[in-house]
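> need coordinates for the below:
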Amino acid sequence: MTDRDDIFEHSIIPTDQLLPNKLPLIPLQGRPIFPGIFTPLMINSADDVKVVEEAYDKGGFIGIVMLKNEADSPSVVDLYKIGTVARIIKKVNLPDGGINVFISTLKRFKIRKTLHKASPMAAAVEYLEDEESDTFEVKALTRALVSEMKEVSENNPLFSEEMRLNMVNIDNPGKVADFIASILNVDKAEQQKILETVNIRQRMEQVLVFIKREQELLRVQKKIQNELNERIEKNQREYFLREEMRTIQEELGETADGNATDYQKFKKKLEEFKFEGEIKETVDSELEKFSLMDPNSSEYIGTRNFLELMTQLPWNAPIADDYDMSRAQKILEADHFGLDDVKKRIVEYLAVRKMKGDCKGSILLLVGPPGVGKTSVGRSIAAAMNKPFYRFSVGGMRDEAEIKGHRRTYIGAMPGKIIQGLKITKSNTPVFMIDEIDKMGSSHNGDPASALLEVLDPEQNVTFRDNYLDLPFDVSNIFFILTANTLDSIPGPLLDRAEIIQLSGYIDQEKLEIAKKYLIPKNLEKNGLKKNQVKYTKAALLEIAEEYAREAGVRNYEKALDKIHRKIVTEMMLQQPQVQNTQSQTESVTIDAPDLYKYLGRPVFDESQIKTAKVPGTAIGLAWTSMGGDTLLIESTSFAGKGGLILTGQMGDVMKESSQIAFNWARKFVLERGNKKSKWFDENIVHLHIPEGATPKDGPSAGITMATTFVSLLMNKKIKPNLAMTGELSLTGQVLPIGGLREKTVAAKRNKIKTIIIPKANERDLEDIPENVKAGIKFIPVTDVHQVLEVALGVK
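Numbers count the residues shown, from 1 in each chain. All right, here's what the predicted structure looks like:
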């Protein structure tokens with residue numbers, strides 16, 4: 001880098017008399033640069049950098065011309081005809097490849113002839129001399145310019161003291177006009193017009209007009225600031241800025257009052273609902289308050305959100321149900337396999353509803369283990385009724401505000417799930433599904449289950465009050481569908497308000513059909529496979545159900561299919577990596593039972609895990625849990641000791657009491673028959689255990705099973721194979737009824753049980769069990785435990 005300041009100090013001939021007739025051209029995208037200015041100039045374009053480097057080595061003269069319009073690859077035709085010649089004083093190379101040059105602009109020029117059209121641009125130029133006018137008028141204009149500009153600079157902090165001194169020290173009138181034009185906030189096209197004006201008087205008159213315009217803007221700004229300073233306090237900075245912007249818009253004849261616009265919008269929408277009474281009074285009050293409210297107020301957003309919610313809720317009268325029964329039945333049949341009794345009850349329910357022409361809502365409670373289709377049944381009901389569907393879960397919910405909303409006095413308050421659902425569905429007769437109501441909790445924030453009582457009670461929900469809305473809203477037209485895995489943890493008052501429909505688990509044959517019709521097509525599409533690219537044999541599908549997915553629902557079955565399809569896709573892509581997707585392949589894969597080990601690994605359930613009573617002192621019971629039915633192997637043994645009964649296997653209090661009753665009854669039974677003497681019980685300890693000790697167990701339905709286990713141990717007799725039992729035992733030996741027989745029967749069928757002993761009082765429940773589930777199972781109803789022992793042990 002070389003400084004050329006010494007050239008200007010020691011040159012004998014003025015620089016402007018040595019200007020070349022041919023100039024390399026640098027295009028400007030910003031504002032034009034006037035003669036007589038010393039300024040830095042940033043050059044980023046590689047082509048322009050090259051031009052500057054060459055010019056710097058050849059004397060440092062360049063022509064600076066403004067572009068008419070922005071262009072990626074400008075040419076001479078894109079430039080104005082008038083520009084400024086400048087000499088490079090200093091050049092600084094930048095790390096990014098650009099350069100920063102300090103230039104001294106010297107004189108106007110006009111492009112006379114294009115020497116090189118595109119980059120690097122060059123032209124033959126003609127230098128323009130200022131046209132002198134009447135000296136007296138020019139002096140007067142010079143004084144006016146300096147005087148008016150001094151006033152502007154004093155009121156504008158952007159003008160530095162250095163600018164003011166430079167303006168005063170310039171003696172050439174034309175350069176005074178150029179200097180002032182370069183520092184004024186003027187459009188670049190107007191600045192270019194001044195650059196092109198060679199007549200000094202005309203140039204000064206144009207600049208004087210721009211100064212007057214700047215003074216007027218400063219006057220308006222000062223007026224606005226003075227008005228605002230009287231109305232606001234110093235610590236309201238944000239308020240000051242908003243008011244200043246609004247005042248400027250008023251001065252310009254514009255208006256942007258968003259508050260008034262929102263008010264008119266809300267008022268128009270709310271008037272369409274034709275509210276009466278309490279609702280009308282509240283809405284009118286909130287609207288009036290909103291119209292007077294400052295947008296910067298802390299309450300503004302809260303009131304606006306409230307009014308917006310009011311306009312979005314379905315306040316109009318409900319529309320009567322309009323659905324075709326045959327279509328509704330077809331939808332239920334198409335969406336679900338099996339569940340015939342469930343679908344039958346739903347169709348009956350819809351038929352009665354249509355016959356009555358009643359649009360009032362109802363409450364169904366679908367109870368069953370996970371994965372049996374409770375949520376999908378709810379969706380199908382909504383589709384069958386042509387109604388919008390909204391689902392939310394209350395599992396783990398501990399705050400009643402989730403149901404009834406927060407009061408608007410709190411920051412961030414929101415309406416409850418019910419009002420939110422009505423806002424989303426935009427209907428006052430939707431289908432609402434409330435999942436997992438058996439898993440609600442309670443805390444110091446309230447009890448959500450109690451809050452649901454008001455929502456579901458037909459006597460109260462006509463005037464349901466959400467805490468956020470705090471107005472009566474009729475939710476009696478909502479069709480509520482509740483889901484749960486068990487009824488035990490649901491409060492009684494909540495159960496009273498619902499019609500309960502039980503969904504039992506699926507047997508293996510049902511799972512096979514569900515896989516064919518629903519799970520396999522859905523999962524093939526999920527993994528990018530065509531319909532016929534993967535085929536399953538019947539044996540393979542049955543083995544998946546028996547050995548990998550032996551639960552009540554079909555979730556694990558679907559996971560097993562997903563695992564198989566993922567591995568098939570991986571194999572295809574590894575064999576032909578150039579193929580972009582599997583659907584372009586035509587090969588088909590058939591999955592048979594022996595292939596399952598390759599894709600799914602070792603079976604989760606095998607024959608060794610089917611519970612059997614192989615030795616004396618063991619028996620198989622049937623249990624019901626929230627996951628569905630299950631078989632229960634009960635074991636007992638005895639050993640020398642001081643007498644007594646030991647219980648293990650995480651039994652609950654009810655089951656412990658039941659085991660004690662069973663042991664005392666069995667002890668009495670063998671003593672009366674003479675199989676054991678009283679002394680034996682004083683010298684031996686009996687130990688009862690239920691395997692899978694990590695799983696808590698409770699309930700009285702294993703009473704007859706434990707009694708049979710004790711008698712089998714004490715008499716050293718094995719029970720008959722493939723036999724299970726369920727029933728509560730009284731101290732006198734009576735067999736009392738139990739619940740969950742359908743689920744227990746499904747579990748028994750999965751575990752290849754052929755005979756089930758049930759309480760006589762549960763015979764009526766056999767009608768609720770599908771025929772395909774009962775097929776191959778013999779049910780033996782009993783009233784007394786002696787009948788149980790006769791069937792299981794052959795003891796009379």
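> when you work out contacts or count neighbours from here on, use the C-alpha atoms and nothing else.
OK.
> mind listing what Ala71 touches?
Counting by C-alpha atoms under 8 Å, 6 or more residues apart in numbering, Ala71 touches Asp78.
> and the next helix or strand past the least confident helix or strand in the chain by mean pLDDT?
None of the helices or strands of the chain scores lower by mean pLDDT, DSSP states H and E than helix 5-10, at a mean of 45. The C-terminal neighbour of helix 5-10 among helices and strands, as given by DSSP states H and E, is strand 22-28.
> the stretch 201-350 of the chain: helices as residue ranges?
Ranges of helices in the stretch 201-350 of the chain, per DSSP state H, counting those that start in this stretch, are 237-251, 258-273, 277-292, 300-312, 325-335, 340-356.
> distance from the chain centre to the longest one, please.
If I follow you right, that is helix 340-356. 35 Å (C-alpha atoms, centre = their mean, to the nearest Å).
> please apply the same query to stretch 692-702.
That offset, for stretch 692-702, works out to 40 Å (C-alpha atoms, centre = their mean).
> where does Val65 land in three-state SS?
strand (DSSP: H, G, I helix; E, B strand; the rest coil).
> and if you look at the one 4 residues further on?
With three-state DSSP as the basis, the three-state label of Asn69 is coil.
> what about the stretch 1-150 of the chain, any weak spots by pLDDT?
Counting by pLDDT under 70, the stretch 1-150 of the chain shows low-confidence ranges at 1-17, 133-134.
> what ranges does it have for its strands?
For the stretch 1-150 of the chain, applying DSSP state E, counting those that start in this stretch gives strands covering 22-28, 38-43, 61-66, 82-93, 99-116, 122-127.
> out of these, deepest packed?
Of the strands of the stretch 1-150 of the chain, the one with the most neighbours on average (mean count of other C-alpha atoms under 10 Å) is strand 61-66, at a mean of 26.
> quick check: the gap between the closest residue to Met325 other than its chain neighbours and Pro491.
Leaving aside its chain neighbours, Met325 sits nearest to Ala351 (6.9 Å; criterion: C-alpha to C-alpha, 6 or more residues apart in numbering). Shown here: Ala351 relative to Pro491, a distance of 30 Å by C-alpha to C-alpha, to the nearest Å.
> and the gap between Ser291 and Glu728?
Where Glu728 is concerned, Ser291 sits at a distance of 70 Å (C-alpha to C-alpha).
> for Glu558, same thing?
Distance from Glu558 to Glu728, by C-alpha to C-alpha: 36 Å.
> quick check: Ile757 touching Val788?
Yes - Ile757 is within contact range of Val788, at 7.2 Å (criterion: C-alpha atoms under 8 Å).
> which neighbours do those two share?
Joint contacts of Ile757 and Val788 (C-alpha under 8 Å, 6+ apart) are Val782.
> surely Met149 meets Lys212?
No - counting by C-alpha under 8 Å, Met149 stays clear of Lys212, with 9.1 Å between them.
> ok, those two, which is more surrounded?
Met149 (20 against 15; other C-alpha atoms under 10 Å).
> once you drop chain neighbours, what's closest to that one?
Ile211 is the one closest to Met149 (C-alpha to C-alpha, 6+ apart), at 6.7 Å.
> what is the burial count for the one you found?
Neighbours of Ile211 (other C-alpha under 10 Å): 22.
> got the confidence number for the closest residue to Met310 other than its chain neighbours?
Closest residue to Met310 apart from its sequence neighbours, by C-alpha to C-alpha, 6+ apart: Leu270 at 7.6 Å. Looking at Leu270, its pLDDT is 84.
> my read: Leu270 touches Thr311, true?
Yes - between Leu270 and Thr311 there is a contact under C-alpha under 8 Å: 6.0 Å.
> pLDDT weak spots in the stretch 251-400 of the chain?
Counting by pLDDT under 70, the stretch 251-400 of the chain has low-confidence residues at 251-260, 320-321, 357-361.
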